[in-house]
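**Student:** Compute the structure for the input listed below.
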Amino acid sequence: MSENRIFWENEEKKLDELVQQAVFPGGDKAIARLAKQGKKPVRELIQKLIDPGTTFFELSRLAGFGMNYPGVPDIPCGGIVTGLGKIHGNWTMIVANDSRVKAGTYFPITLKKHIRAQTIAERCRLNCVYIADSGGAYLPMQAEVFPDENHFGTMFYNMAKMSAQGLKQITLSTGGNTAGGAYIVFMACQSVMIDKLAYSFLGGPPLVKMATGEIISAEDLGGAKVHTQISGGADHFCLNQDEAISRVREVLSLEPPQKLHINKYAEKNPNVNPDSVYDIMPANIYQGINVREFLKAISDESAFYEYKQNYAMGRGDNLVTGKIRIKGIPVGVIASNGVGIIFFEAARKAAEWIVRCSQDKTPLLFIQNSPGYMIGSESEHMGIGKYGSDMVRAVSCAQVPKVQLVIGPDNGAANYGMCGRAYKPHFIFATMRTRTAVMSGRSAAGVLLSIEQRQREESGNPMTEEEKQAFREEMIAKYDGEAHPFYCAARLLNDKVIKFREIRDWLSMAFEVSLLTKIGEPAFGNFRF
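**Tutor:** Next up is the predicted model:
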């Protein structure tokens, strides 16, 4: 077994440990409390909801760790489960409150995750199913979750807009939904409620008593019978969770089959073992890689049809371009090679390839392993700013589906040119080798130390060698810590931290879902080729 494999498998064990914390908040005691209420854990409901034998592709499981909200340091999984699964053969976005985390209330990270799921659904033309069990906004942080754009009201705005576009919004209420949480039920195209288990009201019994003096039970105020038989706020009355899940599936059973807007070929396995990625990825994050070997492990029949392979050999080779197929789906590739520094030749080639793939409507996969664009007088004089900008323009304007997979450094403007979050890729996937930051900890420490030294010298209090070393170590720890995939995933800077052996499955899903929307015509801005 290679040293690289041992290292990455150990790193992925750390991922497993954090995922365990995310999906089992409160442990067995919390599951026992649910059972007493007649409830199953939310992921069990999701497995019953999706088609038998299919996979639920759960997004952003590491959201919410280390957020350090007032009195609440961690929000496991962001307090909400989101992901993609097939219902009667159709890809569907599922958004489910986990009542084990602060009664399903919404923190800023919960909102961000919920809205991110809706954004994917609207962009990819997916119906949505909401499994609602929420106390609404987390009141101690109301100023951070209630009044602004992308706060609580945005969830309901999105539901209304998607419904108007013909994207079904189906809610299964499986618990108490209070205040804003109730609108997840009332805003749905169709909603399902469970007798003596689901409640929806704008103000619960304690607030009603305080505001009006009326004394009333939760069941009589906003139970399943009230809203399915009296108010009309819900549509389907069920006796238990299993019946409710079946009803949701029944509601969606008449939806027309989805169509893939590309010619999909027969799926072929790679000719090499996909697990070979563990051997070819250096444990040293900043050591160069042979990305062509990586492509062999993820592409059908290990085939790579390269574009401009011999262009500007050496510096142009730091970005590899061409086409592969992933489970039968043709994909255009822009992949960092070697140490990944982007020279002007590589930027020019990449921009040209992005335009060509846009012209023939081939979706794009950006495999990011770059510490940035090349700096210095030679690079500036040869047009790195111009060609780097063209690369950014091309990424910004490409109308085809875009997916970013980060397998190494993800620094500086290379994050932009290689389709980072600001450039609205349909999905971003990270690996345990990912490091996303403006620069590496070592580089940041050097820059900041020089500034600190100058300021100290100007004040007449120069730094000692010990102080310099302590400052350097502090900055390295800070920047490398903030670049780590766990830190970024907690803040939803990626959609999923995946294992190397999961790459093909997740890329295939991402492109298939992204191609449910018809690809528009290309339109590009001011290029300087």
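**Student:** List the buried residues of the helix or strand where E11 lies.
**Tutor:** Taking DSSP states H and E as the criterion, E11 maps to helix 3-23. For helix 3-23, burial by neighbour count (16 or more other Cβ atoms under 10 Å) applies to N4, R5, F7, W8, E9, E11, E12, L15, L18, A22, V23. From N, CA and C alone the C-beta is placed, and that goes for glycine too.
**Student:** got a list of what S302 touches?
**Tutor:** P270, N271, V272, L295, K296 (Cβ atoms under 8 Å, 6 or more residues apart in numbering).
**Student:** R356: which of the residues you listed is nearest?
**Tutor:** L295 (18.3 Å; Cβ to Cβ).
**Student:** Can you tell me the closest non-neighbouring residue to that closest one?
**Tutor:** Among residues not flanking L295 along the chain, F304 sits closest, at 4.9 Å (Cβ to Cβ, 6 or more residues apart in numbering).
**Student:** residues near the one you found, how many?
**Tutor:** 21 (other Cβ atoms under 10 Å).
**Student:** Could you report the pLDDT at it?
**Tutor:** For F304, the pLDDT comes out at 97.
**Student:** The one 4 residues further on now?
**Tutor:** For K308, the pLDDT comes out at 91.
**Student:** Would you confirm that it contacts G316?
**Tutor:** Yes: the pair K308 / G316 is scored as a contact, 7.3 Å apart, by Cβ atoms under 8 Å.
**Student:** Tell me, what's the model's pLDDT at F529?
**Tutor:** The predicted local confidence for F529 is 56.
**Student:** Start at 116, not 1
**Tutor:** Sounds good: first residue 116 from here, last item F644.
**Student:** Including distance to V435 and pLDDT, could the buried residues of helix 118-138 go into a markdown table?
**Tutor:** Converted to a markdown table, the buried residues of helix 118-138 look like this (distance: Cβ to Cβ, whole Å; pLDDT from 0 to 100):
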| residue | distance to V435 | pLDDT |
| --- | --- | --- |
| N119 | 21 | 96 |
| R120 | 24 | 96 |
| F122 | 24 | 97 |
| W123 | 22 | 97 |
| E124 | 26 | 97 |
| E126 | 25 | 97 |
| E127 | 26 | 98 |
| L130 | 27 | 98 |
| L133 | 32 | 97 |
| A137 | 35 | 96 |
| V138 | 37 | 96 |
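**Student:** follow-up on the earlier one: for the residue nearest to L410, list the residues it contacts.
**Tutor:** Residues near F419 by Cβ under 8 Å, 6+ apart: R407, L410, K411, G437, K438, I439, V448.
**Student:** Isn't A398 up against R120?
**Tutor:** No: with contact defined as Cβ under 8 Å, A398 does not reach R120; the gap is 9.6 Å.
**Student:** part of a helix, is L410?
**Tutor:** Yes: applying DSSP: H, G, I helix; E, B strand; the rest coil, one finds L410 inside a helix.
**Student:** can you tell me which strand in this structure is longest?
**Tutor:** For the chain, the longest strand by residue count, based on DSSP state E, is strand 517-526.
**Student:** What lies in contact with whatever helix or strand comes next after that strand?
**Tutor:** Helices and strands here follow DSSP H and E; after strand 517-526, the next one along the chain is helix 529-532. For helix 529-532, contacts defined as Cβ under 8 Å, 6+ apart pick out 451, 455, 457, 462, 465, 483, 485-488, 503, 506-507, 510, 537-538, 551.
**Student:** Nearest to F586, out of the buried residues of helix 118-138: which one, please.
**Tutor:** For those, the nearest to F586 is E126 (28.4 Å; Cβ to Cβ).
**Student:** how about the nearest residue to that closest one once chain neighbours are set aside, what does it touch?
**Tutor:** Spatial nearest neighbour of E126, chain neighbours left out: M547 (4.2 Å); criterion: Cβ to Cβ, 6+ apart. Applying Cβ under 8 Å, 6+ apart to M547 gives the contacts W123, E126, E127, K129, L130, P600, V612, K614.
**Student:** measure M547 to V518 for me?
**Tutor:** 18 Å (Cβ to Cβ, to the nearest Å).
**Student:** go on, P600?
**Tutor:** Per Cβ to Cβ, P600 is found 17 Å from V518.
**Student:** What of S278?
**Tutor:** In terms of Cβ to Cβ, S278 sits 27 Å off from V518.
**Student:** With Y426 instead?
**Tutor:** Distance of Y426 to V518, computed by Cβ to Cβ: 24 Å.
**Student:** Comparing the two, which shows the higher neighbour count?
**Tutor:** For Y426 and V518, the more surrounded residue by other Cβ under 10 Å is V518, and the numbers stand at 23 against 15.
**Student:** which stretches of the chain have low pLDDT?
**Tutor:** 428-429, 641-644 (pLDDT under 70).
**Student:** So which elements touch the helix holding E126?
**Tutor:** Helices and strands touching helix 118-138, as assessed by 3 or more Cβ pairs under 8 Å, 6 or more residues apart in numbering; DSSP states H and E, comprise helix 392-395.
**Student:** all helices of the stretch 416-565 of the chain, in order?
**Tutor:** If DSSP state H, counting those that start in this stretch is used as the criterion, the helices of the stretch 416-565 of the chain fall at 459-474, 492-496, 499-512, 529-532, 556-573.
**Student:** list the buried ones in the helix or strand just after the last one?
**Tutor:** The one in question is helix 556-573. For helix 556-573, the succeeding helix or strand toward the C-terminus, using DSSP H and E, is helix 580-598. Residues K583, F586, R587, M590, I591, Y594, D595, E597, A598 are the ones in helix 580-598 that count as buried (16+ other Cβ under 10 Å).
**Student:** any idea which of the residues you listed is closest to I146?
**Tutor:** I146 has its nearest neighbour among the buried residues of helix 580-598 in E597, at 34.0 Å by Cβ to Cβ.
**Student:** which phi and psi does A381 have?
**Tutor:** Dihedral pair for A381: phi -60, psi 140, per degrees, to the nearest 10.
**Student:** just K154 next, same as before
**Tutor:** Phi and psi for K154, reported as degrees, to the nearest 10, are phi -120, psi 150.
**Student:** Pull the number of nearby residues for it.
**Tutor:** When neighbours are defined as other Cβ under 10 Å, K154 has 21 of them.
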